[in-house]
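Student: sequence-free structure coming up:
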């Protein structure tokens, strides 16, 4: 993966078209701004129950976006990452529909997890309470089969997302087929979506247990054998995330977004500085995502280990986001919306900062200087705001940050001062040689932070004063030092 800013986007929501339109953007106004693209699930269909994360056919491009030839064409311009949804398939998938129709006589019966298959000897109350849950309730849904019988089917997320048995013959073949198709399509990196939930074992949390690590290791070896790098997407306690990072190619730095907000809201540099001293160096850094702004990654562990922020600070962080967004994020978060994720606030990052351009640019500068490869969500790349109309239409909280841009809206956004300045920062991050060197963090005072990169005689440093809300970049340029202000 290039050590350059990566774009993550829904193809149709950024372009109002398909892969050919995305390629035109990458080759045009985004040239030099992004070195790679992660098209969010582009499989058939893109408009299922979870915006593409519940594919009926994971090996087929939704024809509304194009085909695998169009994906390969994009790969000639930028590196491509694709989602490999290892945990589940759509309830509408041919395999699951065959299972509903034929029951145990189905060729695909081994592919799915019934309650009895996971708990052949039954489950105690403690067995069920031990299961780690990203959402309220238990991970089972009652399904009715064609013969009228009913079974409990394991569904980690929604009734439309049916968990698969990754160790079954058909489950393993399904995953192998996806990898092969990705290789043919020019994909050079994969993100294992919902990977932490892939292995179920009675008496455990069924989340990132030893068997999960072993499974992910084997899957990653297969991907690497096909020339693909592997990113694992896991929200977890920060010290667990550090351990996970030691065992995989890349992880997300999900602690960075709330810590940057905390520093900008409070003027306190300490928690962010302490994290950047120990954060995984093989990270993909983010501020905004298609899912929301996570807070679990900076909170305390379920076993009581303290977090990067104290509980009161986490509460204040969330409340400040709600206040800065004029209450819009509150309407899209938790019980106010149909997606009851326990660890996220749904809001654009720009709105979470109260649409304050200078603070937004400082946040992006911090992301670009943090260890790892920066990835920017399409709404964030365009300085986008909360889509309250879409939220009210769908009543899905995450849709507040999943706007469908028209070509005219993209053109208008590209001309705004905040986006022009963001693009300048991205081009600097993509081209300065110091970012291939060594990272250091200094905290000269309670409210100041200096992040620097050095490679031989090349140096780039970001100096942020959270009290004065000012930042500047000092860097080498043809043997001399230059400075420019981030604002």
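Tutor: Received it, and whenever you're ready, just let me know what you need. If you're wondering where the values come from, they're calculated on a predicted model, not measured in any experiment. Residues are numbered from 1 along each chain as shown.
Student: rest of the way, CA atoms for contacts and neighbours
Tutor: Will do.
Student: count of residues packed around the closest residue to residue 147 other than its chain neighbours?
Tutor: Nearest residue to residue 147, sequence neighbours excluded (Cα to Cα, 6 or more residues apart in numbering): residue 101, at 7.7 Å. Neighbourhood size, residue 101 [other Cα atoms under 10 Å]: 16.
Student: Pretty sure residue 101 sits in a helix.
Tutor: Yes. Residue state for residue 101 (DSSP: H, G, I helix; E, B strand; the rest coil) corresponds to a helix.
Student: List the contacts of it.
Tutor: The contact partners of residue 101, by Cα atoms under 8 Å, 6 or more residues apart in numbering, come to 145, 146, 147.
Student: how about a cut-off of 10 Å?
Tutor: Each residue near residue 101 by Cα atoms under 10 Å, 6 or more residues apart in numbering is listed here: 95, 144, 145, 146, 147, 148.
Student: Pretty sure the third one sits against residue 102.
Tutor: Yes. Counting by Cα atoms under 10 Å, residue 145 touches residue 102, with 7.8 Å between them.
Student: Helix, strand, or coil at the residue nearest the centre of the chain?
Tutor: Centroid check for the chain by Cα atoms, centre = their mean gives residue 289 as the closest residue, at 5.3 Å. The three-state assignment at residue 289 reads coil, by three-state DSSP.
Student: What sits closest to it if chain neighbours are left out?
Tutor: In space, residue 289 is closest to residue 377, 5.7 Å off (Cα to Cα, 6+ apart).
Student: Run a quick neighbour tally on that neighbour.
Tutor: 24.
Student: Would you mind confirming that it makes contact with residue 9?
Tutor: Yes. Between residue 377 and residue 9 there is a contact at 6.0 Å, judged by Cα under 10 Å.
Student: okay, and the common contacts of the two?
Tutor: By Cα under 10 Å, 6+ apart, the residues touching both residue 377 and residue 9 are 38, 289, 290, 402.
Student: pLDDT and distance to residue 81 added to the residues you listed, as TSV?
Tutor: Formatted as TSV, the shared contacts of residue 377 and residue 9 follow (pLDDT from 0 to 100; distance: Cα to Cα, whole Å):
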residue	pLDDT	distance to residue 81
38	98	5
289	93	15
290	92	15
402	97	19
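Student: ok, and the most crowded of the residues you listed?
Tutor: residue 402 leads the shared contacts of residue 377 and residue 9 on contacts (other Cα under 10 Å) with 27 neighbours.
Student: Check the gap between it and residue 351 for me.
Tutor: 13 Å (Cα to Cα, to the nearest Å).
Student: Show me whatever sits in contact with both of those two.
Tutor: 384, 385, 386.
Student: now residue 98, nearest residue through space, not along the chain?
Tutor: Per Cα to Cα, 6+ apart, closest to residue 98 is residue 106, 6.2 Å.
Student: so how far is whatever helix or strand residue 374 lives in off the chain centroid?
Tutor: Using DSSP states H and E, residue 374 falls within strand 373-377. In terms of Cα atoms, centre = their mean, to the nearest Å, the centre of strand 373-377 is found 10 Å from the chain centre.
Student: next one: stretch 47-67
Tutor: From the chain centre to the centre of stretch 47-67 is a distance of 18 Å (Cα atoms, centre = their mean).
Student: If you count neighbours, what's buried in it?
Tutor: For stretch 47-67, a neighbour-count test (16 or more other Cα atoms under 10 Å) marks 48-62, 65-67 as buried.
Student: How about stretch 16-30?
Tutor: Going by neighbour count (16+ other Cα under 10 Å), the buried part of stretch 16-30 is 16, 17, 18, 19, 20, 21, 22, 23, 26, 30.
Student: ok, back up a step: specify the beta-bridge partners of the residue nearest to residue 289.
Tutor: Beta-bridge partners for residue 377, by DSSP bridges, are residue 8.
Student: pLDDT score for it?
Tutor: Per-residue pLDDT puts residue 377 at 98.
Student: For it, give me its contacts.
Tutor: Counting by Cα under 10 Å, 6+ apart, residue 377 makes contact with 6-10, 38, 286-290, 348-349, 383-384, 401-402.
Student: for stretch 71-90, which positions count as buried?
Tutor: Within stretch 71-90, the residues that count as buried by 16+ other Cα under 10 Å are 71-72, 74-75, 77-90.
Student: Please apply the same query to stretch 356-371.
Tutor: Quick answer for stretch 356-371 (16+ other Cα under 10 Å): 357-371.
Student: Next up, the contacts around the nearest residue to residue 217 once chain neighbours are set aside.
Tutor: Excluding the flanking residues, the one nearest residue 217 by Cα to Cα, 6+ apart is residue 248, at 7.4 Å. Neighbouring residues of residue 248 by Cα under 10 Å, 6+ apart: 213, 216, 217, 220, 229, 230, 231, 232, 282.
Student: Can you flag which of the contacts of residue 101 belong to strands?
Tutor: In strands, defined here by DSSP state E, the members of the contacts of residue 101 are residue 144.
Student: Where does pLDDT dip in the chain?
Tutor: Within the chain, the stretches with pLDDT under 70 are 335-343.
Student: any idea how it splits into domains?
Tutor: Here the domain assignment for the chain is 6-85+168-436, 94-163, 438-485, based on automatic domain parsing.
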